[in-house]
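[1] Sequence and predicted structure, then a few things I'm wondering about:
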Amino acid sequence: MGNRIYVGNLSFHTGEQSLVDAFAQFGDVSEVKVVTDRETGRSRGFGFVTMADADSARRAIEGMNGTMVDGRSLRVNEAEERPQGGGGGGRPRSNSSNSRW
């Protein structure tokens, strides 16, 4: 098990400091990132918490999954690694000025 935790079902009002405060009871929090929309800057409703060690991460997953933070029941589990070769995901871009269609 790694040290990186996925935290889903976040309130749009939950900030990174709220997650630090909530997860610190399980060990040292190394990093917190609430994922935001690039255009609006608004939370996308999920984030990641990195704990200092795997044991702290395991305890945090067990202790935080299903708990209420800012009125929302969190979904907490081990973060999956990103697929390699990534570039932003989403739909393919097209350049309409070069399109013949």
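    Cool, the structure landed. Numbers count the residues shown, from 1 in each chain.
[2] residue ranges of the strands in this structure, please?
    Under the criterion DSSP state E, strands of the chain are mapped to 4-8, 29-36, 43-51, 68-69, 72-73, 75-78.
[3] Out of the ones you listed, which is the most enclosed?
    Most buried of these by mean neighbour count (mean count of other C-beta atoms under 10 Å) is strand 4-8; its value is a mean of 20. Heads up, the C-betas are built off the backbone N, CA and C, glycines and all.
[4] Which strands and helices lie in contact with the lengthiest helix in the chain?
    Identified as the longest helix of the chain according to DSSP state H is helix 54-64. On a contact count with 3 or more C-beta pairs under 8 Å, 6 or more residues apart in numbering; DSSP states H and E, helix 54-64 meets strand 4-8, helix 16-23, strand 43-51, strand 75-78.
[5] possible to save the ones you listed as JSON lines with mean pLDDT and distance to Thr36?
    Putting these into JSON lines (pLDDT from 0 to 100; distance: least, C-beta to C-beta, whole Å) gives the following:
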{"stretch": "strand 4-8", "mean pLDDT": "98", "distance to Thr36": "14"}
{"stretch": "helix 16-23", "mean pLDDT": "96", "distance to Thr36": "10"}
{"stretch": "strand 43-51", "mean pLDDT": "97", "distance to Thr36": "6"}
{"stretch": "strand 75-78", "mean pLDDT": "97", "distance to Thr36": "18"}
